[in-house]
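J.: here are the coordinates; sequence isn't available:
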C-alpha cells in the first residue's frame, strides 16, 4: 500500500504555499529526516505530466456557455449563462469536479471516449444534451468550445515549473486521456515547446489507468519506470505506481489559479529547497484494482497483452 502524504509546497519555483497531495511510495513516515534524505532512493531522470487538472483547466463554465450562445446566435437573458452553466456542471461536465451522469444512449461511446475522436465527440455531446432548458445547438457548441485552444487556461505556476524542469535537464512527456489533439492548446497556452513527447490516449491506443500508456511514455523517454516522476491529479494518474513510477497528485483547482506545481521542483531537487516534511499522513491509498470488461480495441502496439479495464470516471483529462 502506498502512503498518501500532504505537503505544503514552498520554494522550488518561487510560488506561494499551496497544499498538494502526493504519493511517494519510497518515503516512509516513520523514517527520520536524516534517514529519508540519506537513503539510496533512485534519483529522477524524467517527468510525466498529466494535462487537464495538472497543467491546465478549462475556462469557467459560464464563459463557455456565453461563447456557445454567441456561436448559435442566441441571446441569453440575465443570469442565463449562469443557469445553464450550473445545470451542465451538475451533469459532470469537464472542470466541474462532479462525476458525469452517463445515460445508456451514449454509454458505449463514453467507455471509449479517449480512444477515438468520434467516440469522444459522441460522448460529450451526449452528456451536454441532457442540460435542461438548453438552446438548440447547445451541446455541439459546448463540445466545440471544449476542443478549442481558446477554451483552456494554464495554471499560474505551470510555465514556470515546466521551464525550471526543462532547464534542469529533465525530459518531459505529457500523458493524457484525451480524444483530440492537445498540441494546439499547449501552443496557445505557451508551453508546447517545453514538452518533449506527447503520449495522447487516442493516438497510442491506451488510456490511464492502463499500465501500457505509462510504459509507452517510458519507452519514448528511454528511461526505466523507477527513474520517473508522474505528476497528475486523479487516481488514474496514480496507476503509474503499478510500474514503480513514483507519483505526485495535485488538488482540484480552478482555472488560472496556483495548483501547487512548485512542489515538483522541490521533489526533483530543482532550486535550493527540499520537499517539506509531511504534515500528516491523513489517508492510505490502496493498490489500484481494475475491473475487467470487454472493449472493442484493435492495434495494440508492441504486441503487449494489456488487460481491458473499466477506467475511473474521473480519469484526469477531457
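T.: Nice, thanks for sending it over. All values derive from a computational prediction rather than experimental measurement.
J.: contacts and neighbour counts: CA atoms only from here.
T.: OK.
J.: And the strands in the chain?
T.: 2-7, 20-23, 46-49, 56-58, 152-154, 172-176, 197-200, 228-232, 246-249, 283-285 (DSSP state E).
J.: elements contacting the third one?
T.: Using 3 or more CA pairs under 8 Å, 6 or more residues apart in numbering; DSSP states H and E as the contact definition, the elements that strand 46-49 packs against are strand 172-176, strand 228-232.
J.: Mean confidence (pLDDT) on it, please.
T.: Throughout strand 46-49, pLDDT has a mean value of 98.
J.: Give the pairing partners of it; include direction for each.
T.: strand 172-176 (parallel), strand 228-232 (parallel) (DSSP bridges).
J.: Among those, show me which one is buried the most.
T.: strand 228-232 (a mean of 27; mean count of other CA atoms under 10 Å).
J.: What is the burial count for residue 249?
T.: By the criterion of other CA atoms under 10 Å, residue 249 has 26 neighbours.
J.: List the buried residues in stretch 137-154.
T.: Neighbour-count burial for stretch 137-154, with 16 or more other CA atoms under 10 Å as criterion, is recorded at 137-149, 151-154.
J.: Of those, which belong to helices?
T.: Judged by DSSP state H, these include 138-147 as members of helices.
J.: Identify, from these, the entry nearest to residue 184.
T.: Proximity of these to residue 184 (CA to CA) peaks at residue 147, which lies at 9.7 Å.
J.: how near is that closest one to residue 171?
T.: 27 Å (CA to CA, to the nearest Å).
J.: Which pLDDT does the model give residue 136?
T.: On pLDDT, residue 136 comes in at 97.
J.: Please name the residues that touch the closest residue to it other than its chain neighbours.
T.: Leaving aside its sequence neighbours, residue 136 sits nearest to residue 72 (CA to CA, 6 or more residues apart in numbering; 7.8 Å). Residue 72 sits next to 136-138, 141 when contact means CA atoms under 8 Å, 6 or more residues apart in numbering.
J.: Most widely separated two among those?
T.: Largest pairwise distance in the contacts of residue 72, by CA to CA, is 9.5 Å, between 136 and 141.
J.: residues touching the closest residue to residue 138 other than its chain neighbours, list them.
T.: Among residues not flanking residue 138 along the chain, residue 68 sits closest, at 6.5 Å (CA to CA, 6+ apart). Residues near residue 68 by CA under 8 Å, 6+ apart: 138, 141-142, 145.
J.: Any regions of the stretch 201-318 of the chain where pLDDT drops low?
T.: 272-317 (pLDDT under 70).
J.: rerun that using 50 as the cut-off
T.: 273, 276-313 (pLDDT under 50).
J.: Quick one: the helices in this protein, in order.
T.: 33-38, 61-71, 80-90, 104-111, 117-128, 138-147, 158-167, 183-189, 201-204, 211-221, 235-238, 262-268.
J.: What is the third one packed up against?
T.: In other words, helix 80-90. Here helix 80-90 touches helix 61-71, going by 3+ CA pairs under 8 Å, 6+ apart.
J.: Let's see that with 10 Å instead.
T.: helix 61-71, helix 117-128, helix 138-147 (3 or more CA pairs under 10 Å, 6 or more residues apart in numbering; DSSP states H and E).
J.: Pull out the buried residues from the longest one.
T.: Read it as helix 117-128. Buried, per 16+ other CA under 10 Å, within helix 117-128: 117, 119-128.
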